[in-house]
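J.: Here is my input, please return the structure:
(chains A and B)
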There are 2 protein chains.
Amino acid sequence: MLGLLLDGTPRTRAQLIAQTGLARSTLRARLDALLGAGFVTDEGNDAFTGGRPANRFAFNARARVALVADVGATRATVAITALDSAILARGQLSLDIADGPEPVLARLITAWRALLVEADGADTTLAGVGLGLPGPVEHSSGRLNHPPIMPGWDGYEVRARLEHEFGVPVLVDNEVNLMALGEYTTAFPDLDDLIVVKVATGIGSGFISNGVLHRGAVGAAGDIGHILAHRDHDTPCQCGNTGCLEAVASGPAIAATLRAKGIEAHANDDVVDLVQSGNVAAGLAVRQAGRDIGDVLARCVSMFNPSAIVVGGTLAAAGDALLAGVREAIYHRSLPLATGGLRIVRSRAGEDAGVLGAAAMVRQHVLSPSVVDKMLS
Amino acid sequence: MLGLLLDGTPRTRAQLIAQTGLARSTLRARLDALLGAGFVTDEGNDAFTGGRPANRFAFNARARVALVADVGATRATVAITALDSAILARGQLSLDIADGPEPVLARLITAWRALLVEADGADTTLAGVGLGLPGPVEHSSGRLNHPPIMPGWDGYEVRARLEHEFGVPVLVDNEVNLMALGEYTTAFPDLDDLIVVKVATGIGSGFISNGVLHRGAVGAAGDIGHILAHRDHDTPCQCGNTGCLEAVASGPAIAATLRAKGIEAHANDDVVDLVQSGNVAAGLAVRQAGRDIGDVLARCVSMFNPSAIVVGGTLAAAGDALLAGVREAIYHRSLPLATGGLRIVRSRAGEDAGVLGAAAMVRQHVLSPSVVDKMLS
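T.: Numbers count the residues shown, from 1 in each chain, chains lettered A, B, ... in the order given. All right, here's what the predicted structure looks like:
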C-alpha cells in the first residue's frame, strides 16, 4: 500500500482496497499503523464525489528525515533530507580522509547535530543515516574493503559507530556509487543503464544496471582510479603503484602538470579557475585528462553498453574541455553499436549528487516492504 | 500468491491468507482462477492437522510448456521445457545462421513441431517461445541490431513471425545472454554478479547484475567478440575489421592456427578432440586463446567486479587449457581487489545453458505479476 502511495497521488480507502486487493480489515489495520507512524497523512475529503465524502490518504515524505553525507578525499557535504530526497539543510566541511575513521566520523556527527539544531522547524524523527565514503565499501556490512587512500579505515565498523550514536539504521556505500544513484534517481530516471564518472582528487565511477546500483561482488565495481592508464606508465600513485589513471588524470595530477609548466595550480579549484579564465595550457591538460579517462572507460562502454555516461566531480566544472576529451577517446575506441546512441553529458545533480544518492539509499531501505512490515508489526 | 507458491511448498487456504494478507473473497477468486488455468493444483489434504482437514495448493510447473531454442552460428539446440525449466524433449540441428531468418526460423519451427509430437504425453499447452540468437538483440522488440555475422537478420521481425506461427508470447534475446541466465538460474543461483563467456565459433559474454540479466542500452552488453585483441592486430575478421578477439581466439581461429602448423583441424570439435588426445600444439593454441580472451575481459573484471567468470561454449570442452589461459591473463591484468575472491570456472549447465536460459526468460515473463493478472482477469 505504501508502495502505491509513493507516486504522490492521494487515494481513498475504496481506491486502496481496489488497487491492493487487501481485505477491508487488513487495510484498516495497516492504514492505522501507517497513520500512527506518520508515513501516511489523512488529507480529508476536499473531493466530494457524491454520497458519503471519502477521506483521501497520502504519503508523507516529511515523516522522517535522513542524515546524509558525501565524503570525498578532502571534503564532505553533509545534509538533512526528507524521504523524497528534498534537502532540508546542508553544509560543507574540509577534512582529510587520511586522518582515519574516528576523527572524520566525529566531525560528521558534529556537523549533523548542528544541522539538526538549524532545521529544528522540520520534523526531526530520524529514519536513518546514509554515508558515502571514498573507497570500496562492502555494502552489506558497511565496512571498507582495502581502501587505497584511507589509512586506518580498512575493516573499521563504520555502521556500528554511527548506529551507536543515532540509534537508527546506518547505510554505507562508496561515494561514487551514491553519486551515480543520485544522478539516476533525480536527474536521469529514464536511463536504466548508466555510468557516472567522478573526476576530482580521486577518479571513480558508479554503474546503474536495470535501474539498480551495480556494486559488484566486493563493492569494487566502477573502481577505475587505479587501472593502468594508456599513457605515462611511470607516474607514481599514492596507492603505491605507478601509472594509475588517478596518477595522470585527477585534479592533483593536472595541477602538477601545470606547475611543471610554471603555472601556479595547487587545488582542483585552481585548475577549474584557470580553464574558466581561458588559460590554454590548463584547457589542454584537462582535455588530455578527459582522453585518459575515456581510454580507460572505452572497453567497458563496449561491454556494459550504457545509455549515457555522466561526468561529474569538481573537475566537471572546468566545462567542455573535460567532456570533449572523454568523448574523443570513447568514440575512437569503443564498438560502434555501443556508442551509436550513447550520450556523454555533464552531471545534472552537480555537487549534491552524492547526498541525493545517500538520501535515495536510506529511502530505499526504510520504505522497503520488509522494513515497513517489521516496523508496523 | 503465485509468487509465494513458486518456492514449491504447498499451502492451505489459511496459510495463503496469512502470508498474502488478501481478503478471503479475493483469495478465493484468485485461487479459483489459478486452479482453472492449471497453474495451481489442489494437492488434497494428506496432512490432517486436527479439526477440519485443509486442502493444500501447489504450483504446477507442468501447466504450460515453452518452446525454446539456442541458436549459434552453425548449430542450434531446440527443446520443450516445463515452467521450472525441466527439459521435456530436446533436439540438435546443424544450420548456417547466414542463410537468413526465413529458412532458419522455418527449420526451428519444424523441429519444435516434431518435438511437440514426440512429447505428446506431456501437457502441451504453450506458455511462450524463447529464442536465443547469435547477435545483439533489442530485447523489448525482439529485433536484431546490426548483427555482424547474420546477413538478412537486421531489423527482421523475429517475434511477429513466431507469434503468427504459435499464437503465444515470443521472447528473443542474445544467445550468450540466455546462456548466462541459464547458468545463473540453474547452476549458480547464489552468485548475483556473474560474467558468462561463450567460446565457440563466435565469442561473446553475458552479465548478471544483482541477479538480473544486464542487457545494456541496445542489447549490446557483453559483446566482446569484436573488441580488438591485444596481439595480432592484422588477422581479418568476418565482420570486416581486423584483429577482433573472435578473429584470433575463436574455434575457427584456433583451427586455422593449427592448420598453419600442418595439423588437420577444421571444426571446433576437431580442436577439442586434438586437445583431449594430448596434442601439444593444440593445447598451447587453446591456452593462448584463453589468454587473449582473459586480456579482453581483464579490465572489465576490474570495473564490473563479478563473483565468478563462467567459461562455456564448445571450446570449454577442451578442458583446463582454455581456463588456465583465461585465469593467467585475468589475474595478471585485473585489480587485486576485484580478483581476490574471483572464481573462474567451467560452465555447469553445459550445452543446455542456452535453452535453460530461454526457459527461464519465458517463465519470468509468463509468471510476472502483470501477465498473470491480465490472464486471470
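J.: which SSE is A:Val345 in?
T.: strand A:343-346 (DSSP states H and E).
J.: and that strand, what does it pack onto?
T.: Contact analysis of strand A:343-346 by 3 or more CB pairs under 8 Å, 6 or more residues apart in numbering or on different chains; DSSP states H and E lists strand A:308-312, helix A:320-333 as its packing neighbours. From N, CA and C alone the C-beta is placed, and that goes for glycine too.
J.: how about the nearest residue to the residue of the stretch 1-150 of chain A found nearest chain B, chain neighbours excluded?
T.: Ranked by CB to the nearest CB, the top residue of the stretch 1-150 of chain A for proximity to chain B is A:Ala23, at 3.3 Å. Excluding the flanking residues, the one nearest A:Ala23 by CB to CB, 6 or more residues apart in numbering or on different chains is B:Ala23, at 3.3 Å.
J.: contacting residues for the one you found?
T.: A:21-24, A:26 (CB atoms under 8 Å, 6 or more residues apart in numbering or on different chains).
J.: Would you map the strands across the stretch 51-200 of chain A?
T.: Shown for the stretch 51-200 of chain A, the strands assigned by DSSP state E, counting those that start in this stretch span residues A:56-59, A:65-71, A:75-82, A:87-94, A:126-133, A:137-138, A:143-144, A:170-174, A:194-199.
J.: Dump those to a markdown table, plus mean neighbour count, mean pLDDT and distance to chain B.
T.: Below are these laid out as a markdown table (neighbours: other CB atoms under 10 Å in any protein chain shown; pLDDT from 0 to 100; distance: least, CB to the nearest CB, whole Å):
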| stretch | mean neighbour count | mean pLDDT | distance to chain B |
| --- | --- | --- | --- |
| strand A:56-59 | 19 | 90 | 17 |
| strand A:65-71 | 28 | 96 | 19 |
| strand A:75-82 | 24 | 95 | 24 |
| strand A:87-94 | 15 | 95 | 28 |
| strand A:126-133 | 26 | 96 | 15 |
| strand A:137-138 | 23 | 90 | 11 |
| strand A:143-144 | 21 | 92 | 11 |
| strand A:170-174 | 25 | 96 | 11 |
| strand A:194-199 | 28 | 96 | 9 |
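J.: Are stretch A:7-14 and chain B in contact anywhere?
T.: No. Stretch A:7-14 stays out of contact with chain B when judged by CB under 8 Å from any CB of the partner chain, the minimum separation being 13.3 Å.
J.: Buried residues, that stretch. List them.
T.: Buried residues in stretch A:7-14, defined by neighbour count with 16 or more other CB atoms under 10 Å in any protein chain shown: A:10-12.
J.: So which of those is the closest to B:Thr242?
T.: Checking those against B:Thr242 by CB to CB gives A:Arg11 as the nearest, at 61.4 Å.
J.: That closest one contacts A:Leu4, correct?
T.: Yes. Here A:Arg11 lies in contact with A:Leu4, judged by CB atoms under 8 Å, at a distance of 7.1 Å.
J.: got any residues that touch both of the two?
T.: Common contacts of A:Arg11 and A:Leu4, defined by CB under 8 Å, 6+ apart, comprise A:Gln19.
J.: measure stretch A:93-108 end to end?
T.: End-to-end distance for stretch A:93-108, by CA to CA, to the nearest Å: 8 Å.
J.: Stretch A:358-372 too?
T.: The first residue of stretch A:358-372 is 19 Å away from its last residue (CA to CA).
J.: The longest helix anywhere in chain A: how far from the chain's middle?
T.: Secondary structure of chain A per DSSP state H: the longest helix is helix A:280-304. In terms of CA atoms, centre = their mean, to the nearest Å, the gap separating the centre of helix A:280-304 from the centre of its chain is 22 Å.
J.: Wasn't A:Leu274 part of a helix?
T.: Yes. Counting by DSSP: H, G, I helix; E, B strand; the rest coil, one finds A:Leu274 located in a helix.
J.: Near it, how many other residues are there?
T.: Counted with other CB atoms under 10 Å in any protein chain shown, the neighbours of A:Leu274 add up to 23.
J.: So it sits against A:Leu284, correct?
T.: No. A:Leu274 is beyond contact range of A:Leu284, at 11.0 Å (criterion: CB under 8 Å).
J.: Switch the strands of the stretch 51-200 of chain A over to CSV; also include distance to B:Gly243.
T.: CSV is the format used below for the strands of the stretch 51-200 of chain A (distance: least, CB to CB, whole Å):
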stretch, distance to B:Gly243
strand A:56-59, 55
strand A:65-71, 42
strand A:75-82, 45
strand A:87-94, 49
strand A:126-133, 40
strand A:137-138, 38
strand A:143-144, 40
strand A:170-174, 35
strand A:194-199, 25
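J.: Which residue does the stretch 101-250 of chain A have closest to chain B?
T.: Closest point on the stretch 101-250 of chain A to chain B, by CB to the nearest CB, is A:Gly216, at 2.6 Å.
J.: State the number of residues packed around the closest residue to that residue other than its chain neighbours.
T.: Of all residues not flanking A:Gly216 in the chain, B:Asn305 sits nearest, at 2.6 Å (CB to CB, 6+ apart). For B:Asn305, the neighbour count with other CB under 10 Å is 28.
J.: How about A:Leu178, nearest residue that isn't a chain neighbour?
T.: Per CB to CB, 6+ apart, closest to A:Leu178 is A:Gly357, 3.3 Å.
J.: my bad, should have said A:Ala76
T.: Nearest residue to A:Ala76, sequence neighbours excluded (CB to CB, 6+ apart): A:Leu93, at 4.6 Å.
J.: what's the distance between the one you found and A:Asp320?
T.: 30 Å (CB to CB, to the nearest Å).
J.: Kindly report the same for A:Ser307.
T.: On the measure of CB to CB, A:Ser307 and A:Asp320 end up 21 Å apart.
J.: List the beta-bridge partners for the residue lying closest to A:Val71 once chain neighbours are set aside.
T.: Leaving aside its sequence neighbours, A:Val71 sits nearest to A:Leu133 (CB to CB, 6+ apart; 5.3 Å). In this entry, A:Leu133 is beta-bridged to A:Asn174, by DSSP bridges.
J.: I figured A:Leu133 hits A:Gly142, correct?
T.: No. Applying CB under 8 Å as the test, A:Leu133 and A:Gly142 come out as separate, 9.4 Å apart.
J.: joint contacts of those two?
T.: By CB under 8 Å, 6+ apart, A:Leu133 and A:Gly142 have these common neighbours: A:158, A:172.
J.: residue ranges for the helices of chain A, please.
T.: For chain A, helices defined by DSSP H occupy the ranges A:2-5, A:13-20, A:24-37, A:101-118, A:158-166, A:175-182, A:245-249, A:251-260, A:268-276, A:280-304, A:320-333, A:336-339, A:353-366, A:369-376.
J.: And the residue nearest to A:Ala63 when sequence neighbours are not counted, its phi and psi?
T.: Sequence neighbours aside, A:Gly38 is the residue nearest to A:Ala63 in space, at 4.0 Å (criterion: CB to CB, 6+ apart). Main-chain torsions, A:Gly38, degrees, to the nearest 10: phi 90, psi 0.
J.: could you list every residue that touches A:Gly38?
T.: A:Gly38 sits next to A:60, A:63-64, A:123, A:125 when contact means CB under 8 Å, 6+ apart.
J.: Just among these, which is most surrounded?
T.: That'd be A:Arg64 among the contacts of A:Gly38, by other CB under 10 Å, with 23 neighbours.
J.: Now do the contacts for the residue nearest to it when sequence neighbours are not counted.
T.: Nearest non-adjacent residue to A:Arg64, counting by CB to CB, 6+ apart: A:Ala127, 3.3 Å away. By CB under 8 Å, 6+ apart, the contact list for A:Ala127 reads A:63-66, A:83, A:168-169, A:362-363, A:366.
J.: And A:Glu264, by the same measure?
T.: A:258, A:270.
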